[in-house]
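Student: Here is a sequence with its predicted model. Questions after.
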Amino acid sequence: MESRIEYVEKHLGSLEDFVRKNSKYYLESWRSEKIKFNFAAFLFETLWFAYRKMYKSAVVLLLMNLLINLVTFLFLIKTKFFMGGTILVLFIRIYIGFKANDFYFMKAEKVLEKRGFEPEDRDCGTSMLGVVIIIFIAIVFQVLLDFYLGVTLYY
């Protein structure tokens, strides 16, 4: 089995076609043995996954964040552990910051190994539409959560 560095060297052009925007950063990261911190993934987490067309991961992270918020507001808000949810989300974001480039490489490798890969493939590049959809879903869930909590906590 070839190493990641060998794989990147062997499929350099295809990986560049896959990434499209900011390909230099990702190719450098994938060629290196060092772990690189992806600040965009740390800061924007769910939106970064949606932008890079990793929709399943984006939805899982969104639901996980909403669940953490719900548990925090329902059970932890009136205890000394009220910061637990925030600290947990921070640790998740730090982990994602360190692992995001690896997750993205695994997706790239999966798409490239797919039979009949074409650079115009819909799995390649980035998607602002994905970001907008995730923002919309997050707003809807947050409004529903706020409405539910408002009704439950005050009546």
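Tutor: Received, thanks.
Student: From here on, just use CA atoms for contacts and neighbour counts.
Tutor: Will do.
Student: From the contact counts, what lies against the longest helix that the chain contains?
Tutor: Identified as the longest helix of the chain according to DSSP state H is helix 84-113. Packing partners of helix 84-113 (3 or more C-alpha pairs under 8 Å, 6 or more residues apart in numbering; DSSP states H and E): helix 12-19, helix 23-31, helix 39-44, helix 55-71.
Student: Low-confidence regions, this structure specifically.
Tutor: When residues are selected by pLDDT under 70, those of the chain lie in 1, 115-116, 119-121, 149-155.
Student: For the residue nearest the centre of the chain, which non-adjacent residue is closest in space?
Tutor: Centroid check for the chain by C-alpha atoms, centre = their mean gives Phe49 as the closest residue, at 3.1 Å. Excluding its sequence neighbours, the residue lying closest to Phe49 (C-alpha to C-alpha, 6 or more residues apart in numbering) is Ala58, at 5.2 Å.
Student: Run the chain-centre distance for the helix or strand where Leu144 lies.
Tutor: Following DSSP states H and E, one finds Leu144 within helix 128-154. Centroid displacement of helix 128-154 relative to its chain, using C-alpha atoms, centre = their mean, to the nearest Å, is 18 Å.
Student: elements contacting that helix?
Tutor: Against helix 128-154 (3+ C-alpha pairs under 8 Å, 6+ apart) you get helix 46-51, helix 55-71.
Student: Val111 is nearest to which of those?
Tutor: Val111 lies closest to helix 55-71 among the helices and strands packed on helix 128-154, at 14.0 Å (C-alpha to C-alpha).
Student: Deepest in the core, which of the helices and strands packed on helix 84-113 is it.
Tutor: Scoring these by mean neighbour count under mean count of other C-alpha atoms under 10 Å gives helix 12-19 as the most buried, with a mean of 19.
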